[in-house]
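A.B. asks: The following block contains a protein sequence and its predicted model.
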Amino acid sequence: MSQGEAHAEPTAGRPPRIALFGLGGVGRAFLEIAGERPGTLRLVAAADSRGALIGDLDPGDVLERKAAGHLAGNGGVDAGGLIAEVEPDIVVDTVSCDFASGEPSLSILRAALDSGRAAVTANKAPLARAWRALAGDADRARRIGYAAAAGAALPAVAVARALRREDDVASLEAVLTGTTTFVLEAIAGGASVEDASRGAQAAGIAEPDPSIDLGGWDTAAKVVILANTLWPDGLELDSVDVSGIEAIDAGEVRTGTVRLVGRAERTAGGVCARVGVLRLEDDHPLARLRGSEKGVVFRGPGIGEVVVTGGRSHPRGAAGAAFGDVLELAGGLA
Ligand SMILES: NC(=O)c1ccc[n+]([C@@H]2O[C@H](COP(=O)([O-])OP(=O)(O)OC[C@H]3O[C@@H](n4cnc5c(N)ncnc54)[C@H](OP(=O)(O)O)[C@@H]3O)[C@@H](O)[C@H]2O)c1
């Protein structure tokens, strides 16, 4: 099969062939869901950082093999080579990745899309860094699913896509990083900034590098993804004005409901976006968010105000979102 032809083969009447990269919390939860819904997909490859299993794989068997340790391999997986070998319809990317470069996720997604396949990712960094390459034209936008990358169980991407079709959305306002709300609540309750940050790490909800969450970059990346879903302007992460909560004054936090909020609006000159601390009025739709809950408010002349909030903060939520993308893409490919 030559490059670009994979897409021509319909999946109608048969489950899509899936190559899964990443067998951490999200990848394993994806396999659990696949095991609970037999017949919905055909797993043809599963890879971790060291090696891969290929063939007609049973999700439960892969989970057992992974529970026994790293998959056997010779120190790494060549994503392009594996994809060419197993010819999946859809590549599912749940690898851990570097926020600055988006790798190895970016290379996995490029290998999938460049060979004409569909891709699903749980990773925000490659999308925020390389939107144009991954989703910047209509053909690629149709072949990539990223519901898990900007809200996981919160269906923020689905709502953005629905609103884009229906109306001219003018702006969005969002709390998208559970860690920062958790830390701000702890500070409001009397903890120091340092103790509150350590608490988020101990609760297992912070990114491995806490500066990505607390510095506002996690929110900024998700705002870029939602803004680019809504509008064709190609917002780039570097153009977002970002400030976080690392140096926040604890006294200021205790004066009301203070949250780290990402905002984007479309103006005549293009999309402007920023991330920073805001004191929210009691009746603001995002003021009621607690703990690691997330939320987005979309505003536009026709829609008024549309609010989506909640969503469990757990790998299962992200895996469910990715699984939904797979089903949607498989339907679209048929
Ligand atoms: N956890 C959540 O609730 C959540 C929600 C939304 C989005 N996400 C995003 O989803 C991604 C995965 O999250 P996670 O919690 O599952 O992470 P994780 O538990 O750290 O697992 C990451 C997995 O990626 C594998 N990996 C790393 N480099 C690889 C490569 N080059 N090829 C193949 N596999 C590779 C690792 O292999 P080894 O097992 O060999 O180490 C591991 O299995 C993260 O980037 C995260 O930001 C997570």
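C.D. replies: Perfect, thanks for sending it.
A.B. asks: Next, the buried residues of the least confident helix or strand in the chain by mean pLDDT.
C.D. replies: Least confident helix or strand of the chain, by mean pLDDT, DSSP states H and E, is helix 193-202 with a mean of 86. Buried positions in helix 193-202, judged by neighbour count with 16 or more other CB atoms under 10 Å: 193, 196-200. C-beta coordinates here come from the backbone N, C-alpha and C atoms, glycine included.
A.B. asks: nearest to the ligand, of these?
C.D. replies: Set against the ligand, the nearest of the buried residues of helix 193-202 by CB to the nearest ligand atom is residue 200 (13.7 Å).
A.B. asks: Would you confirm that that closest one contacts residue 181?
C.D. replies: No. At 9.7 Å, residue 200 does not count as touching residue 181 under the criterion of CB atoms under 8 Å.
A.B. asks: does the residue of the chain most remote from its centre count as helix, strand or coil?
C.D. replies: Computed with CA atoms, centre = their mean, the residue of the chain farthest from its C-alpha average is residue 251, at 33.1 Å. Here residue 251 is recorded as helix under DSSP: H, G, I helix; E, B strand; the rest coil.
A.B. asks: quick one: contacts for it?
C.D. replies: Residue 251 sits next to no residue when contact means CB atoms under 8 Å, 6 or more residues apart in numbering.
A.B. asks: what pLDDT does it get?
C.D. replies: Residue 251 carries a pLDDT value of 89.
A.B. asks: before we move on, what about residue 280?
C.D. replies: The model's pLDDT for residue 280 equals 96.
A.B. asks: for the closest residue to it other than its chain neighbours, what are its contacts?
C.D. replies: Spatial nearest neighbour of residue 280, chain neighbours left out: residue 287 (4.1 Å); criterion: CB to CB, 6 or more residues apart in numbering. Shown in contact with residue 287 (CB under 8 Å, 6+ apart): 257, 259, 280-281.
A.B. asks: ok so, going back, next secondary structure after the least confident helix or strand of the chain?
C.D. replies: As assigned by DSSP states H and E, the chain's next helix or strand after helix 193-202 is helix 210-214.
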